[in-house]
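*Asks:* Sequence first, predicted coordinates after that:
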Protein chains: 2
Amino acid sequence: MATYNVAPLEKLVEQFEKMPGIGYKTAQRLAYFVLNMPKTEARAFSEAIIEAHEKIHYCKICCNLTDRDLCPVCQSDKRDKSTICVVETPRDAMAMEATNEYKGTYHVLHGAISPLNDIGPDELKIKELLSRLNNENINEVIMATNPTVEGDATAMYLSRLMKPLGIRVTRLAYGIPVGGDLEYADQVTLARALEGRNEL
Amino acid sequence: MATYNVAPLEKLVEQFEKMPGIGYKTAQRLAYFVLNMPKTEARAFSEAIIEAHEKIHYCKICCNLTDRDLCPVCQSDKRDKSTICVVETPRDAMAMEATNEYKGTYHVLHGAISPLNDIGPDELKIKELLSRLNNENINEVIMATNPTVEGDATAMYLSRLMKPLGIRVTRLAYGIPVGGDLEYADQVTLARALEGRNEL
């Protein structure tokens, strides 16, 4: 294929190939798609990348992504400011938001404690969370980190930091997913579901 | 999710969502990935899009993509200039090139005749092909359009145009893919394989 190396095209393919879940063939298909776009659309795409980078930053309170000073949740006066749901990423906050059930605020850690990847508490937005606990009137912190080793470790670490402050710290329930099948649930999930059983 | 609408981020998600094979969830994941890139990398990505659009154009002879006047194949003096392999897209030429078997040149039509999609002969690079046949010394034209209704129609159309010029027009062989299984071959492919059987 060496003879067919069109440098600017290869560069674009390489850019797409860096992305998660995209291999060489898909990257090639996407690069050709971009190449076949009208010039104005390609320019809009290119600008959307720069614009997202320049305009989006962290909310001053909850560290979620926003293009203003405060994210819409922190700015809203309809949200219960005494409850904080701690999540790992902005997408997790989005998933919580999509349930339409949660009325409190969020705090986005931007990761989870993971010694293997050299991510310690200092790499996460934990200082910001603690200063909220000191300065705002918080009743409950819901730990909604992922049910993984890293997410669990982060939840444990934070709950130990927060318990002495007299704040109620809770964790999302573990169990069988709705619509799931006992037969196909893994052992750990099933054990946790048993452990967390409720009165009927 | 309305409360979480960060406009520049949504714009970027929309851009990714336009691409083939990419749905909302994947587009979101890609947009977050771009957002988490270092600024320099995001700028490089953005520029790669513009650069590809500005620098890449059609080869003056074969209409393949290139960033110079001629594509490497048309420029090379090691290629057999008397044979033209007609393909639908630049990626098809790349696939042919990857076989390392073909030593002639290409002609990229940039599509196939498809009345349903309003693509007639005038939308393809057929004029350019005919002028090559008139001006260059061509012995054989290999029709390597896809084995689809559109590809077949295009091959038939072109062969009728070219036969009167006394040029040998051939078509890639249809048959069972190497490593395939008779049992799983579709009926049309199997019928074509039978039709095109060779002496052993």
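*Replies:* That came in fine, so what should we check first? Numbers count the residues shown, from 1 in each chain, chains lettered A, B, ... in the order given.
*Asks:* Could you pull up the residues touching residue A:158?
*Replies:* A:86, A:126, A:129, A:141, A:143, A:169 (C-beta atoms under 8 Å, 6 or more residues apart in numbering or on different chains). To be clear about C-beta, it is placed using only N, CA and C from the backbone, and glycine gets the same treatment.
*Asks:* Now pLDDT and neighbour count too, for those, in a markdown table please.
*Replies:* Shown next, in a markdown table, are those (pLDDT from 0 to 100; neighbours: other C-beta atoms under 10 Å in any protein chain shown):
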| residue | pLDDT | neighbour count |
| --- | --- | --- |
| A:86 | 95 | 27 |
| A:126 | 94 | 19 |
| A:129 | 95 | 22 |
| A:141 | 93 | 25 |
| A:143 | 92 | 20 |
| A:169 | 92 | 17 |
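*Asks:* does the helix or strand containing residue A:44 come close to chain B?
*Replies:* Element membership for residue A:44 (DSSP states H and E) is helix A:39-55. Yes - interface with chain B: helix A:39-55 contributes A:39, A:42-53, A:55 (C-beta under 8 Å from any C-beta of the partner chain).
*Asks:* Can I get the buried ones among those residues as something I can paste into ChimeraX?
*Replies:* ChimeraX command restricting the residues of helix A:39-55 next to chain B to the buried ones, with burial defined by 16 or more other C-beta atoms under 10 Å in any protein chain shown:
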select /A:42,44,45,46,47,48,49,50,51,52,53
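*Asks:* can I get the residues of helix A:39-55 next to chain B in a markdown table with pLDDT?
*Replies:* Putting those into a markdown table (pLDDT from 0 to 100) gives the following:
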| residue | pLDDT |
| --- | --- |
| A:39 | 91 |
| A:42 | 93 |
| A:43 | 93 |
| A:44 | 93 |
| A:45 | 94 |
| A:46 | 94 |
| A:47 | 93 |
| A:48 | 93 |
| A:49 | 93 |
| A:50 | 93 |
| A:51 | 92 |
| A:52 | 91 |
| A:53 | 90 |
| A:55 | 91 |
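*Asks:* Nearest to residue B:157, out of the residues of helix A:39-55 next to chain B: which one, please.
*Replies:* Relative to residue B:157, the closest of the residues of helix A:39-55 next to chain B is residue A:39; by C-beta to C-beta it sits at 30.5 Å.
*Asks:* mind checking the SS state of residue A:180?
*Replies:* Assigned with DSSP: H, G, I helix; E, B strand; the rest coil, residue A:180 falls in the coil class.
*Asks:* Check what pLDDT it gets.
*Replies:* Listed pLDDT for residue A:180 reads 77.
*Asks:* Please report the distance of it from chain B.
*Replies:* Relative to chain B, residue A:180 is positioned 20 Å away (C-beta to the nearest C-beta, to the nearest Å).
*Asks:* Roughly how far does residue A:121 sit from chain B?
*Replies:* 20 Å.
*Asks:* longest single strand anywhere in chain A?
*Replies:* strand A:80-87 (DSSP state E).
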